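1. prediction below, plus the sequence it came from.
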Amino acid sequence: MYEKSLVIVKPDGVQRSLVGTVLSRFEAAGLKIHAMKFQTVPAEQSKKHYSEHVEKAFYPTVEEYITSGPVLVFVLGGHNAIKKIRTMVGATEPASALPGTIRGDFAHQAYPAPGEPDVEPIRNLIHASATPDEAANEISIWFSEDELVEYSRDIDNQLSLKN
Ligand code: CDP
Ligand code: MG
């Protein structure tokens, strides 16, 4: 099924000049760009985006992280795109993310001194929607309907993909 997903290159990805590298992986995998914006994230937007985490103890560190510098926010579409993108992104913790995934290949996570608690936030370079409900909600948080660009590509027609 054709799906759309919301992806964010987080501040560490922008700071480390990995925006193009990340985007080119998705383009090479056939995913289609529907919308894109480069911006800093107001605290209110962070609270909306991370509404499922906002009450958790680690949330203040996540807000500090996501608001610390500009991010690239975009919507990608494709066949089973939500799961495909999550697979390409890899596990939440960089140390557990497999080689070949974006987090596994590029994310750098600080680690605690022996006997100390885990270091938060988990700096993992990229966000991607986890489920269809989350994707629909996140796309509506970051983009208005008229910012989503619909178009066809030759490759989609050749593969009989519909959007
Ligand atoms: O991003 P993902 O969906 O893989 O993970 P999540 O469990 O939905 O958490 C959202 C984000 O919060 C993570 O990507 C981390 O940046 C951060 N986080 C954290 O700093 N500490 C945790 N214990 C859990 C998540
Ligand atoms: Mg999540």
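-> All right, it came through fine. This one's a predicted model, so the numbers in the text were calculated from it and none came from an experiment. Numbers count the residues shown, from 1 in each chain. Ligands and ions are numbered 1, 2, ... in the order given.
2. surely Phe74 is in a helix?
-> No - under DSSP: H, G, I helix; E, B strand; the rest coil, Phe74 falls outside any helix and is assigned strand.
3. now for the residue lying closest to it once chain neighbours are set aside, how many residues are close by?
-> Nearest residue to Phe74, sequence neighbours excluded (CB to CB, 6 or more residues apart in numbering): Met36, at 4.2 Å. For the C-beta atoms, the positions are set from N, CA and C on the backbone; glycine is no exception. Under the neighbour criterion other CB atoms under 10 Å, Met36 is assigned a count of 15.
4. check the gap between Met36 and ligand 1 for me.
-> Remark: distance between Met36 and ligand 1 (CB to the nearest ligand atom, to the nearest Å) = 20 Å.
5. residue ranges of the helices in the protein, please?
-> 11-15, 19-28, 43-49, 59-66, 81-89, 102-106, 132-142, 154-158 (DSSP state H).
6. next, the buried residues of the second one.
-> Of the residues in helix 19-28, 22-23, 25-26 count as buried by neighbour count, 16 or more other CB atoms under 10 Å.
7. what pLDDT does the closest residue in space to His34 that isn't next to it in sequence get?
-> Among residues not flanking His34 along the chain, Val75 sits closest, at 4.3 Å (CB to CB, 6+ apart). The confidence metric pLDDT takes the value 99 at Val75.
8. check Pro117 too.
-> Reported pLDDT at Pro117 in the predicted model: 85.
9. that one: neighbour count?
-> Other residues within reach of Pro117, judged by other CB under 10 Å, total 7.
10. what residues are bridge-paired with the most centrally placed residue in the chain?
-> With distances taken as CA atoms, centre = their mean, the residue of the chain nearest its centroid is His127 (2.5 Å). With DSSP bridges applied, His127 shows beta-bridge pairing to Ile8.
11. so what's the residue lying farthest from the centre of the chain up against?
-> Within the chain, Gly115 marks the point farthest from the mean C-alpha position, 31.7 Å out by CA atoms, centre = their mean. Neighbour list for Gly115: empty [criterion: CB atoms under 8 Å, 6 or more residues apart in numbering].
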